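**Q** With the input below, show me the fold.
(one chain, ligands or ions: 1)
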Amino acid sequence: MTAPTAVLELDHITRHRAGRPAVSGLTLRLDSGQVLGLLGVNGAGKSTTLAMIAGALAPDSGGIKLNGKDFLEQPELARRVIGWLPERAPLWPELTVSEHLEAHGRLRGMRGAELAQAYRRIVERLELGTLARRLAGVLSQGQRQRLGLACALLHGPQLLVLDEPANALDPVQVAALREVIREQAAAGTAIILSTHLLTEVTAACDRVAILHEGQLRYDSALDGADHKALEQTFFDIAMRGNGSNDRMQAA
Ligand SMILES: Nc1ncnc2c1ncn2[C@@H]1O[C@H](COP(=O)(O)OP(=O)(O)OP(=O)(O)O)[C@@H](O)[C@H]1O
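**A** Take a look at the predicted model:
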């Protein structure tokens, strides 16, 4: 049996910021239906990594493939394949919720019945109906996040990139977000989400990668993982910069 094509492949990507390496030689593969938690302390390089995956930042070196195709040479691929929710959902305060969704759909080439159907589906799923005519500028933090997620999901992406998605959400909203993540993964979407909380990873992901000072220090499936041991590993890496390469496992 041939191995499935990875949805996402990072091949030794490196990116400097302010003259220092923010991400160094990162190699990672993500398959359809996997939910990978990218865990790291503040400044570990998570947002820089996700911005490169989403096409918002170019790597200084290294390669990125989406469905086996070179993403850097075909950036328009990103728009079709990826749904990205950055750490702060980028919204136009003077546009309504429905205008945001329509604009996002159009940017991705959706029109007419296809756009109308996708709009109805996502508005219903994320319970945005009562907010449809509200301006983004007056939404609460949690509502802004929900709209950002709706924009990321509208076109049915194969790869969902979520940067600290649970930030600013209350516990009910966090539970709802996890449910959406589970549904998307079950439908085959590959998901990468960043967080600095191990509990977020164990609750929502089936695999964890720990990033520290821009380098991948740990990568393992969470199948039956011992939470205490994982916590200790994260702590060791974060506190001592422990290389931990000897403990790195392929997922
Ligand atoms: N716009 C920027 N200009 C210069 N340096 C930056 C910029 N954004 C991030 N950096 C630097 O790049 C490194 C990685 O930052 P990054 O934001 O990717 O980490 P992070 O793991 O997402 O952190 P956090 O959890 O705090 O968001 C840090 O040293 C940071 O100071």
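**Q** can you list the residues of the stretch 1-150 of the chain near the ligand?
**A** Residues of the stretch 1-150 of the chain that fall close to the ligand, judged by Cβ under 6 Å from any ligand atom: 17-18, 22, 40, 42-48. The C-beta positions use only the backbone N, C-alpha and C, and glycine is treated the same way.
**Q** and the end-to-end length of stretch 15-35?
**A** Counting by Cα to Cα, to the nearest Å, you get 24 Å between the two ends of stretch 15-35.
**Q** List the buried residues for that stretch?
**A** By neighbour count on 16 or more other Cβ atoms under 10 Å, the buried set for stretch 15-35 is 15, 21-24, 26, 28-35.
**Q** for stretch 212-223, same thing?
**A** Judged by neighbour count using 16+ other Cβ under 10 Å, the buried positions of stretch 212-223 are 212-220, 222.
**Q** As JSON lines, those with secondary structure and pLDDT would be great.
**A** Formatted as JSON lines, these follow (DSSP: H, G, I helix; E, B strand; the rest coil; pLDDT from 0 to 100):
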{"residue": "212", "secondary structure": "strand", "pLDDT": "96"}
{"residue": "213", "secondary structure": "coil", "pLDDT": "95"}
{"residue": "214", "secondary structure": "coil", "pLDDT": "96"}
{"residue": "215", "secondary structure": "strand", "pLDDT": "96"}
{"residue": "216", "secondary structure": "strand", "pLDDT": "97"}
{"residue": "217", "secondary structure": "strand", "pLDDT": "96"}
{"residue": "218", "secondary structure": "strand", "pLDDT": "95"}
{"residue": "219", "secondary structure": "strand", "pLDDT": "95"}
{"residue": "220", "secondary structure": "strand", "pLDDT": "93"}
{"residue": "222", "secondary structure": "coil", "pLDDT": "92"}
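**Q** Quick one: end-to-end distance for stretch 195-206.
**A** Taking Cα to Cα, stretch 195-206 runs 14 Å from one end to the other.
**Q** For residue 152, list the residues it contacts.
**A** 83-85, 160-162 (Cβ atoms under 8 Å, 6 or more residues apart in numbering).
**Q** give me that answer again for 10 Å
**A** Neighbouring residues of residue 152 by Cβ atoms under 10 Å, 6 or more residues apart in numbering: 54, 82-86, 89, 104, 122, 160-162, 165.
**Q** any idea which of those is least confident?
**A** Minimum pLDDT across the contacts of residue 152 is recorded for residue 89, with 88.
**Q** which non-adjacent residue is nearest that residue?
**A** Among residues not flanking residue 89 along the chain, residue 148 sits closest, at 2.7 Å (Cβ to Cβ, 6 or more residues apart in numbering).
**Q** How far does the host helix or strand of that neighbour sit from its chain's centre?
**A** With elements taken from DSSP states H and E, the one containing residue 148 is helix 141-153. Centre-to-centre, helix 141-153 and its host chain are 13 Å apart (Cα atoms, centre = their mean, to the nearest Å).
**Q** and if you look at stretch 67-75?
**A** Chain-centre distance of stretch 67-75: 18 Å, with Cα atoms, centre = their mean.
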